[in-house]
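[1] compute the structure for the input listed below.
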Amino acid sequence: MYGKIMLINGPNLNMLGVRPPEIYGTDTLADIEKMVIDEGKTLGFEVECFQSNSEGALIDCIHSCFKRVDAIILNAGAYTHYSYAIRDAIETVMLPVAEVHLSDIHKREEFRHTSVIEDVCAFQICGHGKAGYIEALHKLKDEFIK
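    Residues are numbered from 1 along each chain as shown. The predicted structure follows:
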């Protein structure tokens, strides 16, 4: 067993499967969480999942990871583009954080092109749909969790 990974999804991701499928796909958040949990098991990880539309709840969850998990996979949703509070929380817990986005934020509306959390995350994966979460698991295992 390699350890524990926290999968955190932010605002509106609870509505996957309802949101525009041409951007976000047709899978629900429960589908994606199950896929990540199952792949985590094959890689030797326990994956815990959390979702909230509240910035404060996301920050509390990130803080709860300190000295409790080995890494975080985070899709901060729209908070990616303006939440310095989430950025500070990521920096504070001193864990490898994989920033994941279903869509390619760099090819969408101008306001989505900037990620204020990117510089405190270990890496960013965007535009690979649900496969981005699996890519993040593998990259964390191969490069960040020993």
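[2] tell me where this structure has helices.
    With DSSP state H, the ranges of helices along the chain come out as 21-24, 29-43, 55-64, 84-93, 131-139.
[3] now the shortest one: average pLDDT?
    Pointing back at helix 21-24 there. The average pLDDT within helix 21-24 is 81.
[4] output that helix as PDB - backbone C-alpha positions only.
    C-alpha atoms of helix 21-24 as PDB (Å, rounded to 0.1, in the frame of the first residue of the first chain):
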ATOM      1  CA  PRO A  21     -21.800  17.200 -21.900                       C
ATOM      2  CA  GLU A  22     -19.800  18.700 -24.800                       C
ATOM      3  CA  ILE A  23     -17.600  20.400 -22.200                       C
ATOM      4  CA  TYR A  24     -17.800  18.100 -19.200                       C
END
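[5] list of residues touching that helix?
    If you take CB atoms under 8 Å, 6 or more residues apart in numbering as the criterion, helix 21-24 is touched by L16, L102, S103, R108. Any C-beta I mention is one placed from the backbone N, CA and C, and that applies to glycine too.
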